[in-house]
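Engineer: Provided below for reference: sequence and predicted model.
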Amino acid sequence: MSSLAHAPHQAPSGFIRRYIFSLDHKVIGIQYYFLALFSVLLGMTLSVLMRYHMVYPDARVSLFEKLWPTSAAGGIMTPELYLSLMTMHGTIMVFFVLTTAPQSGFGNYFLPIQIGAEDMAFPVLNMMSFWTTFLALIVMVAAFFVPGGAPLGGWTAYPPLSGVGAIAGPGQGAGQTLWVISIAIFCAASLMGAINFIATTVDLRARGMSMMRLPLTCWTWLVTAILGLLGFAVLLAAGVLLLLDRTAGTSFFLPAGLIVNDQILLNHKGGSPLLWQHLFWFFGHPEVYIAILPGMGVASQLLSTFARKPIFGYRAMVYAILGIGFLGFFVWGHHMFMSGMNPYSAFAFSVLTMSIGVPSAIKTFNWIGTLWGGKIRFTTAMLFALGFVSLFVSGGISGIFLGQPALDLYFHDTYFVVGHFHMIMGVAAIFGMFAGTFYWFPKVTGRLMNETMGKIHFYITFIGVYCIFTPMHFLGIAGNPRRYADFTNFEFMNALMPIHSFMTWAAVITAVAQLIFFINLFWSIKKGTPTGPNPWESTTLEWGIPSPPPFDNFAGVHPVVNHGPYEYAVPGAPKDYTMQTDPL
Amino acid sequence: MSDVKAATMDSLWTGGGSPYAIGSKKFGMWLFIISDALTFSAMLMAYTYCRVSTPDWPTPFHFSPGIVFSSIMTFCLLSSSLTMVMAVHAMNHGNRRATVAWILATIGGGVAFVVLHATEWHTLIVEEHVTISSNPFGSPLFGATFFGLTGLHMTHVIIGVIYLSIIAFAVGRGKFNAEDVEVSGLYWHFVDLVWMFIFPLVYLLSAKV
């Protein structure tokens, strides 16, 4: 074993080494969590501004003018500003929230503890990966402040308009360049994290913690890391090529004879925007699973714990996770049905896309099987886990529609797509994070979060997100295109605008309700009810150590694992639950 | 027989140690190689995509000096893989002095490759006016893919030379163990292996016939 693989047993005493440039996986996990918390606040604020502009495009908002004196002169948002908010909302949410919190946040804190390790396999690499992510966020946010502002290209940054520079729009100059640089840095950070997660899971499991005794959270973190390892490597290459197109005058993604804003671009020739789409979606589709898989792990863990039953079909769950991860690499073409594709290719991508429904359905039925006949404890954490299952099913069903080329011809670039991916990749994953926060908060702080505030927050959010995103499906069917700043000039949209108003006000209420969560989080750190090491009577290793955990997690003891992860209500057992470390 | 095999598999993965007793650093390097291989694959796919979709892709490299020169570069790089094998072998036998010597030979091969490569770039840019955005032969993507691929690879070689220098320095001072040398060797062999894709795909396929 290498010397790097063992953490020191004493916490460093200096503030900087202990809390800033810490090597402790727990501190790094919390750092990632708060990075994501900042990002989600920013991303959510942008979405509310966008929703407001969409239904009140002519309203003069002095706040807009204060924030963006040029692009919102007189308080009226320009379409370009709207698109830049949309781009930054999508990018920040996908990369710095959905990729960061469930995997790097929760995973960093709980993967080593759940497998019985003192730390991650490479603590220094772990610290570097966080600070590299931090740098990526700084560069991304800096795009707001450069001349021209943030980019307009959406989180997918499709060329040619993302490759030709400021001629394509105000944010397409320095802003888009910073965007590409930030994404490349983020790729490097994610690769470091992925290597660390895989090595930790394979090498540092405690004695007796066989692969088939891993909690399902660890399985999802492992498979997510594998997806990140393969996916971000390709996005890195794509990002470098796009950067070369933008700064070195190459033409990887730029064909000849482009006319942009009435100017003919003569200095580019020979490239293909489709190449970017292939490279981007080879990463982009696995990215969806990077966002959702850890939520699946948390949901599995919580449903079993709070239904007081073993997870239904543990092995099937593991194979389903592996199956989803594997198939996720063969379906990227379903994002490109409308980009010009041989119908036979579309057919193949479509069949493979549908086949992901099989492991997804296995997981869903196993979750329901776990609940069946259980003595369910409706804690806030459990409610969010149930909400996750609900949103996963709702968002997944519409994916079956979009995966069929014949239907996608119609649905492509409508609000149907927006509704679909927000349901499954956005709020379902966020519900996984809420569930994880309520479930693990007592372990991190030694205090419970407030259940009353938690339940009020849950019900408003759960109803709220359905009110925001369900109508989008109907709007999409009615032909409402996405990425339009306002619809005042489209007669057929007049009848649909009341639905947009409804969604906007649902979004405002839901966004304001998130304050309850933030108040609950920070209030409970100081004032929450103190609790013992295992308030949920859960079975996995983190619940067998004090709260908060000691520096090396197990206080010098090497835990030995004797049981599977979800032994609840085992006939003949002395208790309702058997800890993984309980003697045989 | 199969029971014995099952029991062995079981004990490999039951926790309390690395499966197959592979150290975490070595495993981590393998994981990095997998991801880096994907990055290079994406670049090569991009190159293939551009090349296939361009009807008149230029094939400007004459047998001499172009192909001969790049073959000498290839020979330098491949020889350095052999010396790296010798370094790992020496370190496994505890011979630090020989290890340092073999690593220095490997670094020599790497530096020779970089110098020859830089010379080649210089000739292409200054004398033949091939740049990343334009060239006299035809499609501007020729220069873009050529400099993009070989540039990414050369960056890897330069990083490898620095990495090996650190290893050689530390091994000479009695630090680091056989695994550390082997891990650096994995990286070096990978960089060589990538060249074995770039050399035929970029040079030989662009030879003037």
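Structural biologist: Alright, I've got the coordinates. This structure is a prediction, so every number in the text was calculated from the model and none was measured. Numbering: from 1, shown residues only, chains lettered A, B, ... in the order given.
Engineer: burial count for the residue nearest to B:Trp57 when sequence neighbours are not counted?
Structural biologist: Spatial nearest neighbour of B:Trp57, excluding adjacent residues (C-beta to C-beta, 6 or more residues apart in numbering or on different chains): B:Arg51 at 5.1 Å. In short, each C-beta sits where N, CA and C put it, glycine included. B:Arg51 is flanked by 17 other residues according to other C-beta atoms under 10 Å in any protein chain shown.
Engineer: now A:Gly149
Structural biologist: So A:Gly149, with other C-beta under 10 Å, has 24 neighbours.
Engineer: What number of residues are in the vicinity of the nearest residue to it once chain neighbours are set aside?
Structural biologist: Nearest residue to A:Gly149 in three dimensions, chain neighbours excluded: A:Gly171, at 4.8 Å (C-beta to C-beta, 6+ apart). A:Gly171: 28 surrounding residues under other C-beta under 10 Å.
Engineer: Ok, A:Arg60 next?
Structural biologist: 11.
Engineer: any idea of the pLDDT on A:Val27?
Structural biologist: A:Val27 is assigned a pLDDT of 96 by the prediction.
Engineer: Could you check which helix or strand contains it?
Structural biologist: helix A:25-55 (DSSP states H and E).
Engineer: in that helix, what's buried?
Structural biologist: Residues of helix A:25-55 classed as buried by neighbour count (16 or more other C-beta atoms under 10 Å in any protein chain shown): A:25-33, A:35-37, A:39-40, A:42-44, A:46-55.
Engineer: Stretch A:528-535 too?
Structural biologist: Applying 16+ other C-beta under 10 Å to stretch A:528-535 flags A:Gly528, A:Thr531, A:Asn534, A:Pro535 as buried.
Engineer: nearest to chain B, of the residues you listed?
Structural biologist: The shortest approach to chain B among the buried residues of stretch A:528-535 belongs to A:Asn534, at 21.9 Å (C-beta to the nearest C-beta).
Engineer: distance of the closest residue to the closest one other than its chain neighbours from chain B?
Structural biologist: Take A:Asn534 and drop its neighbours on the chain: the residue closest to it by C-beta to C-beta, 6+ apart is A:Trp543, 4.2 Å away. In this view, A:Trp543 and chain B are 18 Å apart by C-beta to the nearest C-beta, to the nearest Å.
Engineer: I'd assumed A:Pro549 was in contact with A:Trp543.
Structural biologist: No. Applying C-beta atoms under 8 Å as the test, A:Trp543 and A:Pro549 come out as separate, 10.5 Å apart.
Engineer: between the two, who's got more neighbours?
Structural biologist: Neighbour count, other C-beta under 10 Å: between A:Trp543 and A:Pro549, A:Trp543 has more, with 24 against 20.
Engineer: Which helix or strand in chain B has the lowest average pLDDT?
Structural biologist: Least confident helix or strand, chain B: helix B:2-13 with a mean of 66, by mean pLDDT, DSSP states H and E.
Engineer: which parts of the stretch 51-200 of chain A sit against chain B?
Structural biologist: Within the stretch 51-200 of chain A, the positions near chain B by C-beta under 8 Å from any C-beta of the partner chain are A:Ile115, A:Gly116, A:Ala121, A:Phe122, A:Leu125, A:Leu191, A:Ala194, A:Ile195, A:Asn196, A:Ile198, A:Ala199.
Engineer: Mind doing that once more with 10 Å?
Structural biologist: A:115-117, A:120-122, A:125, A:187, A:190-192, A:194-200 (C-beta under 10 Å from any C-beta of the partner chain).
Engineer: What residues does residue 92 make contact with?
Structural biologist: If you meant another chain, say so; for now it's chain A. A:36, A:38-44, A:46, A:98, A:137, A:140-141, A:155 (C-beta atoms under 10 Å, 6 or more residues apart in numbering or on different chains).
Engineer: You answered for a different chain; I wanted chain B.
Structural biologist: B:Thr99, B:Asn177, B:Ala178, B:Glu179, B:Val181, B:Glu182.
Engineer: What subset of those is buried?
Structural biologist: By 16+ other C-beta under 10 Å, those give B:Thr99, B:Ala178, B:Glu179, B:Val181, B:Glu182 as buried.
Engineer: ok, now how distant is the last one from chain A?
Structural biologist: If I follow you right, that is B:Glu182. 11 Å.
Engineer: my guess is that residue meets B:Val88, correct?
Structural biologist: Yes. Here B:Glu182 reaches B:Val88: they are 5.1 Å apart, a contact under C-beta atoms under 10 Å.
Engineer: Might you report the residue contacts of A:Val418?
Structural biologist: Counting by C-beta under 10 Å, 6+ apart, A:Val418 has contacts A:Gly426, A:Phe469, A:Met472, A:His473, A:Leu475, A:Gly476, A:Asn480, A:Arg482, A:Arg483.
Engineer: cool, A:Gly325 as well?
Structural biologist: A:219-220, A:222-224, A:226-227, A:230, A:286, A:289-290, A:293, A:359.
Engineer: Now intersect those with the helices, please.
Structural biologist: The helices, defined by DSSP state H, take in A:219-220, A:222-224, A:226-227, A:230, A:286, A:289-290, A:293, A:359 from the contacts of A:Gly325.
Engineer: Grab the two from these that are most spread out in space.
Structural biologist: A:Leu230 and A:Pro359 (18.2 Å; C-beta to C-beta).
Engineer: what's the burial count for A:Gly479?
Structural biologist: 15.
Engineer: need the helix or strand of chain A with the lowest average pLDDT.
Structural biologist: Per-SSE averages on chain A (mean pLDDT, DSSP H and E): minimum helix A:15, a mean of 85.
Engineer: so what does that one touch, helix or strand wise?
Structural biologist: Packing contacts for helix A:15, counted by 3 or more C-beta pairs under 10 Å, 6 or more residues apart in numbering or on different chains; DSSP states H and E, involve no helix or strand.
Engineer: which residues are in contact with it?
Structural biologist: Contacts for helix A:15 (C-beta under 10 Å, 6+ apart): none.
Engineer: For chain B, just list every one of the helices.
Structural biologist: So, for chain B - with DSSP H - the helices run B:2-13, B:24-52, B:68-92, B:96-122, B:141-172, B:178-198.
Engineer: These: which one's closest to A:Phe392?
Structural biologist: helix B:24-52 (28.4 Å).
Engineer: What mean pLDDT does that closest one get?
Structural biologist: 96.
Engineer: Ok, stretch A:185-196 next?
Structural biologist: 97.
Engineer: Could I have the CA atoms of it written out in PDB?
Structural biologist: C-alpha atoms of stretch A:185-196 as PDB (Å, rounded to 0.1, in the frame of the first residue of the first chain):
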ATOM      1  CA  ILE A 185     -11.100  23.300 -15.600                       C
ATOM      2  CA  PHE A 186     -14.200  21.700 -14.300                       C
ATOM      3  CA  CYS A 187     -13.500  18.600 -16.400                       C
ATOM      4  CA  ALA A 188     -10.000  18.300 -14.800                       C
ATOM      5  CA  ALA A 189     -11.500  18.600 -11.300                       C
ATOM      6  CA  SER A 190     -14.100  16.000 -12.000                       C
ATOM      7  CA  LEU A 191     -11.500  13.600 -13.400                       C
ATOM      8  CA  MET A 192      -9.400  13.900 -10.200                       C
ATOM      9  CA  GLY A 193     -12.600  13.300  -8.100                       C
ATOM     10  CA  ALA A 194     -13.600  10.300 -10.200                       C
ATOM     11  CA  ILE A 195     -10.200   8.600  -9.900                       C
ATOM     12  CA  ASN A 196     -10.300   9.100  -6.200                       C
END
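Engineer: Can you mark which positions in that stretch are buried?
Structural biologist: Buried residues in stretch A:185-196 (16+ other C-beta under 10 Å): A:Ile185, A:Phe186, A:Cys187, A:Ala188, A:Ala189, A:Ser190, A:Leu191, A:Met192, A:Gly193, A:Ala194, A:Ile195, A:Asn196.
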